[in-house]
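S.K.: What would the 3D arrangement of this be:
(one chain, ligands or ions: 2)
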Amino acid sequence: MTPAPNPAEPGPVSRADILIEALPYMQRYAGQTFVVKYGGHAMGDPALAASFAQDVVLLKAIGINPVVVHGGGPQIGSMLKKLGVQSEFVNGLRVTDAETATVAEMVLSGTINKEIVTWINQAGGRAVGISGKDGKLVRAEKLEHVTYDADRDEETIVDLGFVGAPVSVDTTLIDHLEIAGMIPVVAPIGVDDKGETYNINADTMAGALAAGLGAARLFLLTDVAGVLDKSGQLLTDIGPDQVRRLREDGTISGGMIPKLETCLHAVANGVDAAVILDGRVPHAVLLEMFTDRGVGTLVRA
Ligand SMILES: Nc1ncnc2c1ncn2[C@@H]1O[C@H](COP(=O)(O)OP(=O)(O)O)[C@@H](O)[C@H]1O
Ligand SMILES: CC(=O)N[C@@H](CCC(=O)OP(=O)(O)O)C(=O)O
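M.R.: Ligands and ions are numbered 1, 2, ... in the order given. Alright, predicted model coming up:
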């Protein structure tokens with residue numbers, strides 16, 4: 001006997017509806033590159049990690065070229081703590097002395113990078129873990145970080161040590177990996193012309209790659225619903241003027257600062273759309289892309 005339909009489960013017609021809703025998006029994005037940044041805070045939950053990996057593999061399977069850039073701030077923090085090394089942040093950026101730079105590279109390019117490669121491979125994809133050093137992917141230079149005191153209308157240059165700013169992107173390696181059906185997984189480490197290694201904020205790295213690769217989309221997955229206003233409400237979209245105001249009044253702080261700067265830079269440099277996504281929602285990437293219900297904050301140019 002055929003079992004009675006369970007109203008909680010999508011029946012055959014609604015399953016088909018879901019796929020048909022996705023069809024125009026699939027057609028629009030086939031052949032394009034999407035950069036997906038996976039933040040260190042979003043990595044803790046194995047079930048979420050598995051759903052993230054499935055999303056990435058599904059993108060590849062339908063002809064989109066996903067490039068994953070990962071963070072690992074909390075994991076670098078734990079390792080530094082174990083080693084008894086103090087760490088501090090300025091505007092969401094880790095002050096990085098030589099020892100911290102070594103630990104950051106070890107954690108990012110080593111443990112975390114290979115963990116994400118394994119998740120994607122487990123989900124049926126073929127991932128290749130690299131950093132900005134491989135194939136001269138990202139040339140960096142020391143970041144000149146300027147802080148602004150709105151009350152005094154004063155700018156100060158802060159020395160953050162070995163924190164890098166991406167200067168140029170050579171896409172050759174990623175182009176080859178994409179053609180070969182591989183999914184690049186990139187650790188946010190760069191190198192300058194003299195061979196000096198730099199720790200790069202992962203959002204900044206993702207933005208530079210999105211612009212360099214001419215990506216159609218930049219997704220930054222994090223551990224909040226998106227950008228929240230003063231009363232904690234989600235802002236579903238935001239532009240440069242509002243970002244400036246929210247920064248000045250302190251609503252946007254910490255890690256959200258490099259995230260928003262990255263998104264604004266990306267959309268001003270040819271990326272069609274940049275979205276800060278709630279990485280705590282299973283399949284956040286697919287929901288954002290293939291349905292009319294987004295799960296985060298869209299950043300406008
Ligand atoms: N206005 C804001 N809206 C949302 N999050 C904010 C805001 N201002 C600061 N944040 C902080 O930014 C954090 C996300 O940045 P970050 O910790 O660097 O995450 P990730 O590791 O995912 O890159 C949030 O957890 C939150 O604490
Ligand atoms: C310069 C700088 O701040 N680098 C970051 C790199 C990792 C990162 O950005 O990780 P999340 O995306 O998880 O925050 C750091 O050392 O924490």
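S.K.: can we go C-alpha only for contacts and neighbour counts from here?
M.R.: Noted.
S.K.: where does the stretch 151-300 of the chain dip in pLDDT?
M.R.: For the stretch 151-300 of the chain, the stretches flagged by pLDDT under 70 are 293.
S.K.: Enumerate the residues of it near ligand 1.
M.R.: With the criterion set to C-alpha under 6 Å from any ligand atom, the stretch 151-300 of the chain comes near ligand 1 through 222-224, 226-229, 251-256.
S.K.: Enumerate every residue touching the residue nearest to Leu108 when sequence neighbours are not counted.
M.R.: Residue nearest to Leu108 in three dimensions, not counting chain neighbours: Ala187, with 5.7 Å by C-alpha to C-alpha, 6 or more residues apart in numbering. When contacts are counted by C-alpha atoms under 8 Å, 6 or more residues apart in numbering, Ala187 touches 69-71, 108-109, 113, 129-132, 202.
S.K.: Could you do Glu144 as well?
M.R.: 157-159.
S.K.: Ligand 2: which of those residues is nearest?
M.R.: Ligand 2 lies nearest to Asp159 out of the contacts of Glu144, by C-alpha to the nearest ligand atom, at 11.8 Å.
S.K.: Now the closest one. Its backbone dihedrals?
M.R.: Phi and psi for Asp159, reported as degrees, to the nearest 10, are phi -90, psi 110.
S.K.: give me the number of residues near it?
M.R.: Asp159 has 15 neighbours, counted by other C-alpha atoms under 10 Å.
S.K.: I'd guessed it sits against His145; true?
M.R.: Yes. In terms of C-alpha atoms under 8 Å, Asp159 counts as a neighbour of His145; the distance is 6.8 Å.
S.K.: Doesn't Glu178 belong to a helix?
M.R.: Yes. Under DSSP: H, G, I helix; E, B strand; the rest coil, Glu178 sits within a helix.
S.K.: Could you find the closest non-adjacent residue to it?
M.R.: Leaving aside its sequence neighbours, Glu178 sits nearest to Asn65 (C-alpha to C-alpha, 6+ apart; 6.4 Å).
S.K.: mind listing what the one you found touches?
M.R.: Asn65 is in contact with 31-34, 59, 178, 183, counting by C-alpha under 8 Å, 6+ apart.
S.K.: again, only using 10 Å
M.R.: Neighbouring residues of Asn65 by C-alpha atoms under 10 Å, 6 or more residues apart in numbering: 29-35, 56-57, 59, 174-175, 177-179, 181-184, 215.
S.K.: Of the residues you listed, which belong to strands?
M.R.: Judged by DSSP state E, strands contain the following of those: 33-35, 183-184.
S.K.: can you tell me which residues contact Val107?
M.R.: 71-73, 75-77, 79-80, 101, 113, 187.
S.K.: Of the residues you listed, which is the most crowded?
M.R.: Ala187 (30 neighbours).
S.K.: Distance to ligand 2 for the contacts of Glu144 - can I get that in TSV?
M.R.: Listed next are the contacts of Glu144 as TSV, based on distance: C-alpha to the nearest ligand atom, whole Å:
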residue	distance to ligand 2
Ile157	16
Val158	13
Asp159	12
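S.K.: Which member of these is positioned nearest Gln122?
M.R.: Asp159 (41.4 Å; C-alpha to C-alpha).
S.K.: Which residues are in contact with the closest residue to Leu246 other than its chain neighbours?
M.R.: Nearest residue to Leu246, sequence neighbours excluded (C-alpha to C-alpha, 6+ apart): Ile252, at 5.7 Å. Ile252 makes contact with 227-230, 243-246, 260, according to C-alpha under 10 Å, 6+ apart.
S.K.: what two of those are the furthest from one another?
M.R.: Lys230 and Leu260 (16.1 Å).
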